[in-house]
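Peer 1: Pasted the sequence and its predicted model underneath.
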Amino acid sequence: MQATPIQTLLTTVAPDTPVVAQGWIRTRRELKDLCFLELNDGSCLANLQVLVPRSSPLYDLASGLHTGAAIGVSGQLVASPAQGQRVELQAETITVYGNADPDSYPLQKKRHSFEFLRTIAHLRPRTNTFGAIMRLRNHCAMAIHRFFQERGFVWIHTPILTASDCEGAGELFTVTGWNLQNIPRNEQGEVDFRQDFFGRPAYLTVSGQLEAEIMATALSKVYTFGPTFRAENSNTSRHLAEFWMIEPEMAFCDLQGDMDLAEAFLQDIFRYVLEKGSSDLEFFQKRIDNTVLETAHNIIQQPFERMSYTEAITQLQKSGKSFTYPVAWGLDLQSEHERYLAEELCGKPVIVYDYPTQIKAFYMRLNADEKTVAAMDVLVPRVGELIGGSQREERYDVLLQRLENQGLDPAVYWWYLDLRRFGTVPHAGFGLGFERLLQFMTGMGNIRDVIPFPRTPDGIDF
């Protein structure tokens, strides 16, 4: 008989049905003439209670099992007399796939700090918190694909290896095929990249946006969903060296359409996850942050506020608050400014648009005032910026000047400029960090705890 997921056994399978369950023991306890095994297979937060009476020939086997052991159990699913559970499993056979030494198995029935759990990332998915996070990651990913597919977007796969820096920030991981103990140099003593694998410097991508623009100018509406990399030496609760990005790109679209899509996108994701992952969200509401469900409903039930960057600066200056970072037109908004706008001023997500030219990337469309660009950020409570996007600069001459003004070599971006020479079109898009979304959704304090294997400075153990 094939095993049935524990979630299905707990919710839909009728009592008095013979079944097979497989999973890992969360706890074992003995009471009077019964041995109780709490079994979890990761399909849901709840455990299936397995009963083995002392009179059973399985009793000695069951009582010798420990937390972490992997087993299979066949038997009769029966109605449970206990409160809080619909059914339980009366064991008739037990197969032990692998026991766990109680003296060395690090996950016992107690609270473990998230800092400790990061040191055992190979085992932490077995905990309630990380099992719930992984299921919510799955729901979010499914919601993202569904949202774009239903709107006629084409999912594209942009390269991980690249020769260009999309942001112009210079914080890239260099990729090489060389033996680093023997790096070729030219007559001037400089590194001779002509002898490297690609014949020029190569990097891990920070964004798939530029390539997505290529595809949007042929397919109209596309999106990427894949890993990106930043070589920022930042040991903070908000930064990862490797993370996942969602980046839609739309031809024949302006900044207004971009903002509309970003708002609809977030509302749809939260609506889907509330439907599919309610028990896991309730876990985070109870254990991590008691505003999780309120935040989700707040995203869904009301339109986002919208204000220009200039208005945002005015509101910050009028607030009377003493911010750590200065507030002045021309300076970028810091997290404390963004959170004030979303949490205190508006009490809901805010889309700030039309940022100063000098603080935004070269590809953002220059507005008629020539002081601002058609950029937008979606700011949310507790986190600040969650989405960043813009209408792209589709005019060849203006884009060329923007590249030169930022000290970037137009020759590197020849193909990007070509898109403006051959059938250019107004287009727009945005980027969303997947882990930042999950951190916001669950209330988790550290972004390292919403990704299976965090990559951070000095952290690449798993």
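Peer 2: On my side now, so go ahead.

Peer 1: Let me know how buried residue 196 is, in neighbour terms.
Peer 2: Residue 196 sits with 18 neighbouring residues when counted by other C-beta atoms under 10 Å. Where C-beta positions appear, they are placed from N, C-alpha and C, glycine not excepted.

Peer 1: Let me know whether it touches residue 176 as I believe.
Peer 2: Yes: with contact defined as C-beta atoms under 8 Å, residue 196 reaches residue 176; the gap is 5.5 Å.

Peer 1: and for those two, which residues touch both?
Peer 2: Taking C-beta atoms under 8 Å, 6 or more residues apart in numbering as the contact rule, residue 196 and residue 176 both touch residue 202.

Peer 1: Could you list the low-pLDDT ranges of the protein?
Peer 2: Scanning the chain for pLDDT under 70 picks out the ranges 165-170.

Peer 1: tell me the contacts of residue 174?
Peer 2: Neighbouring residues of residue 174 by C-beta under 8 Å, 6+ apart: 201-203.

Peer 1: That one and residue 161: what is the separation?
Peer 2: Distance of residue 174 to residue 161, computed by C-beta to C-beta, to the nearest Å: 11 Å.

Peer 1: Please enumerate the shared neighbours of the two.
Peer 2: Common neighbours of residue 174 and residue 161 (C-beta under 8 Å, 6+ apart) are 202-203.

Peer 1: Pull out the buried residues from the contacts of residue 174.
Peer 2: Taking 16 or more other C-beta atoms under 10 Å as the criterion, what is buried in the contacts of residue 174 is 202-203.

Peer 1: could I get the contacts of residue 174 as TSV with distance to residue 23?
Peer 2: Below are the contacts of residue 174 laid out as TSV (distance: C-beta to C-beta, whole Å):
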residue	distance to residue 23
201	49
202	44
203	43
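
Peer 1: Only the buried residues of the helix or strand containing residue 294, if you could.
Peer 2: Using DSSP states H and E, residue 294 sits within helix 292-301. Of all the residues in helix 292-301, those buried under the rule 16+ other C-beta under 10 Å are 292-293, 295-296, 298-299.

Peer 1: just checking, next helix/strand downstream of it?
Peer 2: Counting by DSSP H and E, the next helix or strand C-terminal to helix 292-301 is strand 305-308.

Peer 1: Report the buried residues of that next one.
Peer 2: Neighbour-count burial for strand 305-308 [16+ other C-beta under 10 Å]: 305-307.

Peer 1: Tell me the one of the contacts of residue 174 nearest residue 32?
Peer 2: Using C-beta to C-beta, residue 203 comes nearest to residue 32 of the contacts of residue 174, at 64.8 Å.

Peer 1: quick one: that closest one is in a strand?
Peer 2: Yes: per DSSP: H, G, I helix; E, B strand; the rest coil, residue 203 lies within a strand segment.

Peer 1: Against residue 228, how distant is it?
Peer 2: For residue 203, the distance to residue 228 equals 11 Å [C-beta to C-beta].

Peer 1: now do residue 306
Peer 2: 27 Å.

Peer 1: cool, residue 75 as well?
Peer 2: Going from residue 75 to residue 228 by C-beta to C-beta gives 48 Å.

Peer 1: Equivalent analysis for residue 119, please.
Peer 2: Distance from residue 119 to residue 228, counting by C-beta to C-beta: 26 Å.

Peer 1: I'd say residue 382 and residue 339 touch.
Peer 2: Yes: at 7.0 Å, residue 382 counts as touching residue 339 under the criterion of C-beta under 8 Å.

Peer 1: Look at those two and report which has more neighbours.
Peer 2: Per other C-beta under 10 Å, whichever of residue 382 and residue 339 has more neighbours is residue 339, with 19 against 15.

Peer 1: mind listing what that one touches?
Peer 2: Counting by C-beta under 8 Å, 6+ apart, residue 339 touches 379, 381-384.

Peer 1: Phi and psi next, for it.
Peer 2: Main-chain dihedrals, residue 339, degrees, to the nearest 10: phi -70, psi -40.

Peer 1: coming back round to it: output the buried residues of strand 305-308 in JSON lines; the columns should cover distance to residue 462.
Peer 2: Formatted as JSON lines, the buried residues of strand 305-308 follow (distance: C-beta to C-beta, whole Å):
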{"residue": "305", "distance to residue 462": "41"}
{"residue": "306", "distance to residue 462": "42"}
{"residue": "307", "distance to residue 462": "43"}
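
Peer 1: Now do the helices in the protein.
Peer 2: 6-11, 59-63, 114-118, 128-150, 209-219, 255-276, 278-287, 292-301, 309-318, 335-339, 396-405, 414-418, 434-442 (DSSP state H).

Peer 1: closest to residue 184 out of these?
Peer 2: For residue 184, the closest of those is helix 414-418, at 26.2 Å, according to C-beta to C-beta.

Peer 1: just checking, what packs against that closest one?
Peer 2: Where contact means 3 or more C-beta pairs under 8 Å, 6 or more residues apart in numbering; DSSP states H and E, helix 414-418 is packed against helix 209-219, helix 396-405.

Peer 1: So for residue 75 and residue 228, which sits in the more crowded spot?
Peer 2: Between residue 75 and residue 228, counted using other C-beta under 10 Å, residue 228 has the larger neighbour count: 24 against 20.

Peer 1: Can you name the residues that contact that one?
Peer 2: Taking C-beta under 8 Å, 6+ apart, we find residue 228 in contact with 204-208, 242-245.

Peer 1: ok, the top strand by length along the chain: who's next to it in the sheet?
Peer 2: Ordering each strand of the chain by length in residues (DSSP state E) puts strand 17-31 first. Here strand 17-31 has these sheet partners by DSSP bridges: strand 34-40 (antiparallel), strand 70-79 (antiparallel).

Peer 1: Residue 78: neighbour count?
Peer 2: With other C-beta under 10 Å as criterion, residue 78 counts 14.

Peer 1: Then the one 5 residues further on?
Peer 2: A total of 5 residues lie near residue 83 under the criterion other C-beta under 10 Å.

Peer 1: swap in the one 5 residues further on?
Peer 2: Neighbour count for residue 88, taken as other C-beta under 10 Å: 22.

Peer 1: thinking it is in contact with residue 73, fair?
Peer 2: No: assessed by C-beta under 8 Å, residue 88 is found out of contact with residue 73, at 11.1 Å.
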